[in-house]
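# Show me the folded form of this:
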Amino acid sequence: MANKTIKSAIESMMFVWGEPLAIKDIADIFNVDKKEIYEACKELQNEYEEEGRGIVIREVNKSFQFVTRKENREYIERLCTPVRRRKLSQSALETLAIVAYKQPVTKGEIEAVRGIRCDRVLEGLAAKGLVTIVGRADTVGRPNLYGTTNEFLKQFEFESLKDLPKIEDLEGVLYEAEEPPMINGVVGQMSLEELAAGGTEGETDGEPYADDVEPDADSPASADSGDPSDEPAE
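Reported below is the predicted structural model:
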């Protein structure tokens, strides 16, 4: 059997095997002398080293194994270390809930329920793939219609929109634009979980999320920022 063929087969076997592959076992498979297999493994090892491959061949007590190059450890750790998922802000959760239950819905209709502009919040939800434009309303100006996505279903572990918690009267759960509940001078908000549970008008979570996707458009700090997207909806 040609040396090139043997080395190719050894390479495939090491990749599949994972653990150190003994020279004796390889020799038995090819029915050739162990010395010939050892030399083929060493040649293959040198080829990988000379080419500076990200995979190297390590010898362990007359056995050979694929391992990653130690210089690449930092990049591998970055890949394998779980990324901390950022939480949605209360504003984002509330907006997402309105879209989920009233879709297809226009931005104006969302703002009419929330009583505050939601441009930045919608942009953040769209960037995360949770909402998307699904069409245009047949009204003056043909505004965009928003709906949820398959990513939304995956993130909240729903098989379909039919799995959304039942709410008899969504308008009675969410705040009306004319009379938003006030707590310490701040417009009250609720999470999607509270919304699904029926919620208690005027309750808040107390502490804001540290990792909001978007700045809380309802907070006094945002209102003073001068950003027109934080202004109350007309």
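# which residues in this structure form helices?
3-17, 23-30, 34-50, 73-80, 90-102, 107-114, 119-127, 150-155, 170-173, 192-197, 220-223 (DSSP state H).
# what comes into contact with the third one?
It stands for helix 34-50. For helix 34-50, contacts defined as Cβ atoms under 8 Å, 6 or more residues apart in numbering pick out 3, 6-7, 10-11, 23-24, 26-27, 30, 55-57, 59, 62, 64. For every residue, glycine as well, the C-beta is placed using N, CA and C.
# go with 6 Å
Contacts of helix 34-50 from elsewhere in the structure, counted by Cβ atoms under 6 Å, 6 or more residues apart in numbering, are 6-7, 23, 26-27, 56-57, 64.
# circling back: closest one to residue 138 among the helices of the chain?
For these, the distance to residue 138 is smallest for helix 107-114, at 13.5 Å, taking Cβ to Cβ.
# Going by neighbour count, which residues of that closest one are buried?
The neighbour-count check on helix 107-114 (16 or more other Cβ atoms under 10 Å) flags 107-111, 113-114 as buried.
# can you count the residues close to residue 139?
Neighbour count of residue 139, defined by other Cβ atoms under 10 Å: 9.
# what pairs with the closest residue to it other than its chain neighbours across the strands?
Spatial nearest neighbour of residue 139, excluding adjacent residues (Cβ to Cβ, 6 or more residues apart in numbering): residue 106 at 7.9 Å. When assigned by DSSP bridges, residue 106 has beta-bridge partners residue 145.
# Check residue 106 and give its pLDDT.
As predicted, residue 106 sits at a pLDDT of 94.
# Could you report the distance from residue 21 to residue 48?
15 Å (Cβ to Cβ, to the nearest Å).
# Between the two, tell me which one has more neighbours.
More crowded of residue 21 and residue 48, by other Cβ under 10 Å: residue 21, with 22 against 16.
# and the more buried one, what is it in contact with?
14, 63-64.
# Adding pLDDT, neighbour count and distance to residue 96, write those out as TSV.
Shown next, in TSV, are the contacts of residue 21 (pLDDT from 0 to 100; neighbours: other Cβ atoms under 10 Å; distance: Cβ to Cβ, whole Å):
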residue	pLDDT	neighbour count	distance to residue 96
14	92	21	48
63	91	18	54
64	94	24	53
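# List just the nearest of these to residue 140.
Distance to residue 140, by Cβ to Cβ, is smallest for residue 14 among these, at 68.1 Å.
# The closest one contacts residue 60, correct?
No: the criterion here is Cβ atoms under 6 Å, and residue 14 misses it with residue 60 at 11.8 Å.
# can you list the domains in this protein?
The record's domain parsing of the chain by automatic domain parsing lists 3-80, 90-230.
# most tightly surrounded among those?
domain 90-230 (a mean of 16; mean count of other Cβ atoms under 10 Å).
# Okay, now the unreliable bits of the protein?
Applying pLDDT under 70 to the chain picks out residues 1, 82-86, 167-234.
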